[in-house]
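[1] prediction below, plus the sequence it came from.
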Amino acid sequence: MKPLRQFLVIAALAAASHAATAESKWDFPTAYPPSSFHTENIQQFANEIDKATGGKLKMTIHSNGSLYKANEIKRAVQTGQAQIGEILLSGAANENPLYGVDSIPFLATSYAEAKKLANAARPATEKLLAAQGMKLLYVSPWPPQGLFSIKPVNSLADLRSTKMRAYNPATNRIAQLAKAQPTTIQLSELGQALATGAVDNFLTSTASGIENKLYEQTKYFYDINAWVPKNAVIVSQKSFDALDKASQEAVLKAAQAAEARAWKVSEEKDQEYAKQLAANGMKVASPSAQFKSELQTIGATMTAEWMKSASAEARQVIDTYKQK
C-alpha cells in the first residue's frame, strides 16, 4: 500500500473511532423528578446499557426538566442537541394528530386497552419519528388520567369558569368544552401554581399526585379513567447509527426490558398511589353518573374532531385497534 493511501486509511479509521467514542456519552433529558417511576426506569435502562457495553455507552440523566423543559425535549433530540430523551407523546399532537391518539378521551381507558392501542399505533409512530430523524426505543404508560380538584365536582357545571391546567392539546380542548379556562403549566411547576391559586383543577394520574405531592393543595380525586397517556423514549437516529453493532443491540435489548417493566410497574403503582392519596387526606371517588355521562359526551366530540383532523394512516390505527 502506498504511504499516502495508507495514511488516509489510518486517518479514516481513527476518525471513525473518535466519532464512536464521542457518541459514547449521551445526555438524557426527562421532565420528571428522580423519584418518578418513569425516571427510575430510565436509570435502570441506562445502567443496563452501561453494563452490557462495558462502559462504552454512558448516559447522563437530566431529570425534572433541568436540561430541557418537557415541551423542548423532542426538538432537542430531533436537532441533535440531546442524543436521547423522554417525551410525552401527546405533547406533540399539534404537530401530527397521530402523536395524540392515546389521549382521545375514553377510547382506551384500561391498561389492557391502552396496550392494544399502543401496539396498533407503533408502526405508524415509528414511521413518523423516523421521518423526523428519530428512533422509538420504548413507550412507558402513565396510570389512567383522573381529575384532581380543590373543590368537589359533581357535574360539568362545577368546572365552568374554573382555572384548569392543560398539558397537551387534549387537556386544552377538554377545558374549552367544559367552559373552564385552560392554563398551560408544566408538571414540575404545578405545585407552585396551586399554591398561588393559578389552578383550580386538572387531569393527571395518581402517580403525578403522589410524586409531586399534589395532595397538599387538592382535596378531591375522581377516577374518571379518561385515557392512559404514554411517554416515549426516543433517540436521534444519527446518534444510534454511530454506535457499533454490539452497542446498538444492547440498547434495543435494554429498551425491550424497560418497556415490559414500565407497563407492569405503572399498573402496580396506580393501585398503590390511589391508596396513598386517600391516606394523605384526599377524597378518592368515582364520578357521579351525571358527570360521567357529560364526560362521555365530551369524549365523543373530541373523537369526531380527531378523526376529522387525522390522516388516513392515523385513522387506520383506530380501525386496527378496534379490530383486535
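    Great, that's in hand. If you're wondering where the values come from, they're calculated on a predicted model, not measured in any experiment.

[2] and residue 109, how far from residue 59?
    Separation of residue 109 from residue 59 (CB to CB, to the nearest Å) stands at 34 Å. To be clear about C-beta, it is placed using only N, CA and C from the backbone, and glycine gets the same treatment.

[3] the two: who's more crowded?
    residue 59 (20 against 17; other CB atoms under 10 Å).

[4] roughly how far is stretch 247-260 from the heart of the chain?
    18 Å (CA atoms, centre = their mean, to the nearest Å).

[5] repeat that for stretch 81-90.
    How far stretch 81-90 lies from its chain's middle: 9 Å, per CA atoms, centre = their mean.

[6] convert the C-alpha atoms of it to PDB, please.
    In PDB, the C-alpha atoms belonging to stretch 81-90 read as follows (Å, rounded to 0.1, in the frame of the first residue of the first chain):
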ATOM      1  CA  GLN A  81     -28.800  18.900  21.000                       C
ATOM      2  CA  ALA A  82     -29.500  15.800  23.100                       C
ATOM      3  CA  GLN A  83     -28.900  12.300  21.800                       C
ATOM      4  CA  ILE A  84     -31.800  10.700  23.600                       C
ATOM      5  CA  GLY A  85     -34.800  11.900  25.600                       C
ATOM      6  CA  GLU A  86     -38.200  11.000  27.100                       C
ATOM      7  CA  ILE A  87     -41.300  12.800  25.800                       C
ATOM      8  CA  LEU A  88     -45.000  12.700  26.400                       C
ATOM      9  CA  LEU A  89     -46.300  11.600  23.100                       C
ATOM     10  CA  SER A  90     -49.500  13.500  23.200                       C
END
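
[7] show the average pLDDT along it.
    Mean pLDDT, stretch 81-90: 97.

[8] check stretch 104-121 too.
    95.

[9] who's in contact with that stretch?
    98, 101-102, 139, 141, 144, 170, 174, 225-228, 230, 263, 266-267, 295-296, 298-299, 302-303, 306, 317-318, 320-321, 324 (CB atoms under 8 Å, 6 or more residues apart in numbering).

[10] again, only using 6 Å
    101, 139, 141, 225-228, 267, 299, 302-303, 306, 317, 320-321, 324 (CB atoms under 6 Å, 6 or more residues apart in numbering).

[11] next step: those restricted to strands.
    Among the contacts of stretch 104-121, DSSP state E puts 139, 141 in strands.
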